[in-house]
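>>> Next come a sequence and a model predicted from it.
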Amino acid sequence: MADYHPLRTKELIPSTAYQELNKKAEVLAKSCHQASVPSLNHLKLADYNLVYEPSDDTFLMLDALYNEFHGKDNKQLRATQNILEIGSGTGVSIVSLGKLLKQRGHSQFTLYATDVNQEAVRITMQTALENGLDETYIKAVQGDLAGPFLDCLSQKVDVLIFNPPYVPTPDSEVGSEGIEASWAGGKDGRVVIDRALLQIAELLSNPNGVAYMIAVDDNKPEEIANVMMETYSMMVVPLVRRRARNEYLTVLKCTWVAAQETKSTLKE
Amino acid sequence: MRLLTHNYMQSTVKGTERGYPLKIEATKIEFEASPFDAEFIQALLPKIDYTTLLFALKQISENGNADLAQTIIPELPESIKEDGEGEVDEALLKKLHTVMFDIHVVEGELVCPDTGRRFNIKMGIPNMILHADEL
């Protein structure tokens, strides 16, 4: 109970360099195409008691994915073979990427999805079906983070998508298998994120694997970036950033340092 | 749970040497035909573990599902033969499609070959969530 922090943590203020990256991400979020949301006609209002209803964070992720992939050439798209979404919820994020790849004529990819919530797994598969990705494309199981795919996908994931439970809550609220699992993030909203970071480093294909993960400022994204750089030589930068109600949402992009073509760094 | 999904799954319980392939104890199986795409199956073949697929098929055909097995489940050869251009005969591709996509294990259990840890399958969804002490 002593872990609960009702007030925003003030002690960690992002460095000037990181704030610059944030500003760029905010600009990109304003100018990028607003991606369409895959059809959820198969769901009723009552279903949103069972699974996380797409919200500002979901839409930001959809915009980020569209922005990243719609401009890729055919060779780059064909190199996207294994896509894993952790905590797929309604499945809209992974399905939107699958649809985009399919529209571009790319079909040799495999979609993996996990969720701790059994209803979410069921709904993810329905969403794929509803959106023309018949179930041949998506392997969805109930699991924690990468679940049973962790070993067979080690160093093979080309795209990893994760909208984590990022809300700071008491640690005791973490670890349910119901809808609370979609937001309860424990201290600083980092308990599940931190476990996932370890797996991300294990899973991403080298050198071109990329992970997209949502964070709020309470999660101390710059600290995440520093830890990933020091521990794994992985670069984490804000990609798109948008204000939603009383907080900022950021899609963080995580890549291996070896694959960096851009000049942006976190050094002051 | 399809047999294709089973092909990629293993137990990641701490201390497990190799939790693959999982044994299947199916108590309820359903069969649902789906669209066949020869090119897709052909491209999928290098990505699956064929031995595991045969193993999974054998598991399904036992455990009291012998009648379903005889009527619907096709027999697969011990290994896949390709012709001169590396292509597989379409009839075999159709059988592979049926085995990988059309057989659904709706209820049952997956069993780790190493530790015997059982994972439940309910409404076609395998629950691979580990307890706190297994992480």
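That came in fine, so what should we check first?
>>> What number of residues are in the vicinity of residue B:88?
When neighbours are defined as other CB atoms under 10 Å in any protein chain shown, residue B:88 has 16 of them. Every C-beta, even on glycine, is put in place using the N, C-alpha and C of the backbone.
>>> meant to ask about residue A:131, not that
Neighbours of residue A:131 (other CB under 10 Å): 20.
>>> The spatially most central residue of chain A and chain B, how far apart?
Central residue of chain A (CA atoms, centre = their mean): residue A:162, 2.5 Å from the mean position. Distance of residue A:162 to chain B, given as CB to the nearest CB, to the nearest Å: 17 Å.
>>> which phi and psi does that residue have?
phi -150, psi 110 (degrees, to the nearest 10).
>>> Could you give the bridge partners of it?
Per DSSP bridges, the residues bridged to residue A:162 are residue A:86, residue A:213.
>>> shaky segments in the chain?
I'll assume chain A. Scanning chain A for pLDDT under 70 picks out A:1-12, A:135-136, A:260-268.
>>> oops, I was thinking of chain B
B:64-71.
>>> Where do the strands of it begin and end?
B:23-31, B:103-111, B:118-122, B:125-126 (DSSP state E).
>>> Tell me which of the ones you listed sits nearest to residue A:219.
Ranking these by proximity to residue A:219 (CB to CB) places strand B:125-126 first, at 29.7 Å.
>>> The closest one vs chain A: in contact?
Yes: Strand B:125-126 comes into contact with chain A (CB under 8 Å from any CB of the partner chain), by way of B:125, B:126.
>>> And the spatially closest residue to residue A:150 that is not a sequence neighbour, how far from residue A:213?
Using CB to CB, 6 or more residues apart in numbering or on different chains and skipping the chain neighbours, the partner closest in space to residue A:150 is residue B:12 (5.1 Å). Between residue B:12 and residue A:213 the distance is 21 Å, computed by CB to CB, to the nearest Å.
>>> Of the two, which one has the most company?
Taking neighbours as other CB under 10 Å, residue B:12 and residue A:213 compare with residue A:213 leading, 26 against 22.
>>> Run a quick check on that one versus residue A:255, I expect a contact.
No: taking CB atoms under 8 Å as the definition, residue A:213 is not a contact partner of residue A:255, at 11.9 Å.
>>> that older thread, quick one: residues contacting the residue nearest to residue A:150.
By CB atoms under 8 Å, 6 or more residues apart in numbering or on different chains, residue B:12 lies in contact with A:147, A:148, A:150, A:151, B:19, B:130.
>>> how about JSON lines for those, with distance to residue B:45 and neighbour count added?
Below are those laid out as JSON lines (distance: CB to CB, whole Å; neighbours: other CB atoms under 10 Å in any protein chain shown):
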{"residue": "A:147", "distance to residue B:45": "25", "neighbour count": "26"}
{"residue": "A:148", "distance to residue B:45": "22", "neighbour count": "30"}
{"residue": "A:150", "distance to residue B:45": "24", "neighbour count": "19"}
{"residue": "A:151", "distance to residue B:45": "21", "neighbour count": "17"}
{"residue": "B:19", "distance to residue B:45": "24", "neighbour count": "21"}
{"residue": "B:130", "distance to residue B:45": "31", "neighbour count": "18"}
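>>> For residue A:37, give me its contacts.
Residues counted as contacts of residue A:37 (CB under 8 Å, 6+ apart) are A:54, A:58, A:59, A:62, A:92, A:96.
>>> Quick check on it: phi, psi?
Per degrees, to the nearest 10, the backbone of residue A:37 is at phi -90, psi 130.
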